[in-house]
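Visitor: Here is my input; please provide its structure:
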Amino acid sequence: MSKDITFEEALQKLEDSVRKIKSPETTLEESMALYEESVKYYDLCEKILSEARQKLEVYRPETGTTEEFDVI
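Guide: Numbers count the residues shown, from 1 in each chain. The predicted structure is shown next:
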């Protein structure tokens, strides 16, 4: 897996793997390999999202301050 892959590319590969796993034509061995690959793409997506959250700040014009973006 390339380290230069974008979030969108990793998410697409994850979705493709899941689609293949759900296919009745996919063997157990293929499903297991796809699952392992899917976990790697999931982890990569999670890492990219985590890094993006750390970079986000909210600017409060009324006070002229910034604060961390709080995910609900």
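
Visitor: pretty sure Leu34 contacts Lys22?
Guide: No. The criterion here is C-beta atoms under 8 Å, and Leu34 misses it with Lys22 at 9.9 Å. Backbone N, C-alpha and C define where each C-beta goes, glycine included.

Visitor: So for those two, which residue has more residues nearby?
Guide: Leu34 (19 against 10; other C-beta atoms under 10 Å).

Visitor: Any figure for the gap between that one and Leu49?
Guide: 22 Å (C-beta to C-beta, to the nearest Å).

Visitor: Can you read off the pLDDT for the spatially most central residue of the chain?
Guide: With distances taken as C-alpha atoms, centre = their mean, the chain has Cys45 as the residue nearest its mean C-alpha position (1.8 Å). For Cys45, the pLDDT comes out at 95.

Visitor: ok, it to Glu37 distance?
Guide: According to C-beta to C-beta, Cys45 and Glu37 sit 13 Å apart.

Visitor: Then Thr66?
Guide: From Thr66 across to Glu37, the span is 39 Å (C-beta to C-beta).

Visitor: all helices of the protein, in order?
Guide: Applying DSSP state H to the chain gives helices spanning 7-22, 28-55.

Visitor: Just name the most buried of these.
Guide: helix 7-22 (a mean of 15; mean count of other C-beta atoms under 10 Å).

Visitor: now it: mean pLDDT?
Guide: 96.

Visitor: can you give me the angle that helix makes with helix 28-55?
Guide: 150 degrees (axes from the mean of the first three to the mean of the last three C-alpha atoms, to 10 degrees).

Visitor: Return the distance of helix 7-22 from the chain's centre.
Guide: 10 Å (C-alpha atoms, centre = their mean, to the nearest Å).

Visitor: Which neighbouring elements make contact with it?
Guide: For helix 7-22, the elements it packs on are helix 28-55, judged by 3 or more C-beta pairs under 8 Å, 6 or more residues apart in numbering; DSSP states H and E.
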